[in-house]
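In: need a 3D model of the sequence below.
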Amino acid sequence: MADRTRIARERYELQDMLNVEVQRGYMAAQSYEERRHKVSSIAKATSPSDIPLLLFALSDPDQVVSQKATQALTIRFQLLIVTLPKMTKTSIVSKFALIQEHWRPKVVASLNGQEVKLVKFHGTFPWHIHEHEDEMFFVWRGSMIVEFRDHTVELDAGELCVVSRGMEHRTIASTEAEVIIFEPAATRNTGNIVDEDFTAPNGVSI
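Out: Numbering: from 1, shown residues only. Purely as a prediction, here's the structure:
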């Protein structure tokens, strides 16, 4: 009995909430089949908190309330579609074609506080340390060397190396190499040093 009372109370609270949203002027579905189709069309974007409302909109025998629930969901997801950024793709080949200089990383994507950077290597980079950041080098084209004080790691196209924070290193490419770097945003390419020839500005996107 307690569960039935709680469910009834939650239903009336939900109905009151939906009444406010419905006043925005959205038309309700006129039949169960229309409601079912509309609910199905938005189900893929439903968050866990909306699942009870989604089921309520489909199963409630009172079509008026069900229509209001459907309207509320429709409003919610219409707003979600408007505010979410459009997902796109990035061509690594096209982006590398835009880079005409060496040792100047360009940001092509960012996620979770990290940046994906493209850079062309040619020559020898200065010794340096990233005190707080791990750094990943992935060779897209050509070959390169990551040199440490006690050993070297040679990388060919399709290979990668992660340099742990605090490890002194430098990078070398005898011929031009195209490299993808993954590291925390705003990481200085020369780490703990500033070099007038090699230190590049942060946050430059292409």
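In: tell me the SS of residue 95?
Out: Per DSSP: H, G, I helix; E, B strand; the rest coil, the local secondary structure of residue 95 is helix.
In: contact partners of stretch 133-144?
Out: Stretch 133-144 is contacted from outside by 92, 96, 118, 121, 146, 154-165, 171-173, 175-184, 187, using C-beta atoms under 8 Å, 6 or more residues apart in numbering. For the C-beta atoms, the positions are set from N, CA and C on the backbone; glycine is no exception.
In: just the buried ones from the residues you listed?
Out: Buried members of these, counted by 16 or more other C-beta atoms under 10 Å: 96, 118, 121, 146, 155, 161, 163, 171-173, 177-183, 187.
In: now intersect those with the strands, please.
Out: Taking DSSP state E, the ones among the buried ones among the contacts of stretch 133-144 that sit in strands are 118, 121, 146, 155, 161, 163, 171-173, 177-183.
In: the protein: helices as residue ranges?
Out: 2-22, 32-43, 51-59, 63-83, 92-98 (DSSP state H).
In: mean confidence for the first one?
Out: Summarised as a single mean, pLDDT over helix 2-22 is 63.
In: mind starting the numbering at 31 from now?
Out: Yes, from this point I'll number from 31; that puts the last item at helix 32-52.
In: quick one: residue 129 and residue 196, what's the gap?
Out: According to C-beta to C-beta, to the nearest Å, residue 129 stands 29 Å off from residue 196.
In: lowest-confidence helix or strand of the protein?
Out: Ranking every helix and strand in the chain by mean pLDDT, DSSP states H and E puts helix 81-89 at the bottom, with a mean of 54.
In: show me where pLDDT drops low in the chain?
Out: Where the chain drops to pLDDT under 70, the residues are 31-115.
In: residues near the closest residue to residue 221 other than its chain neighbours, how many?
Out: Leaving aside its chain neighbours, residue 221 sits nearest to residue 158 (3.7 Å; criterion: C-beta to C-beta, 6 or more residues apart in numbering). A count of nearby residues for residue 158, using other C-beta atoms under 10 Å, gives 20.
In: quick check: residue 158 touching residue 223?
Out: Yes. Using C-beta atoms under 8 Å, residue 158 is in contact with residue 223, at 5.1 Å.
In: no more questions from me, cheers.
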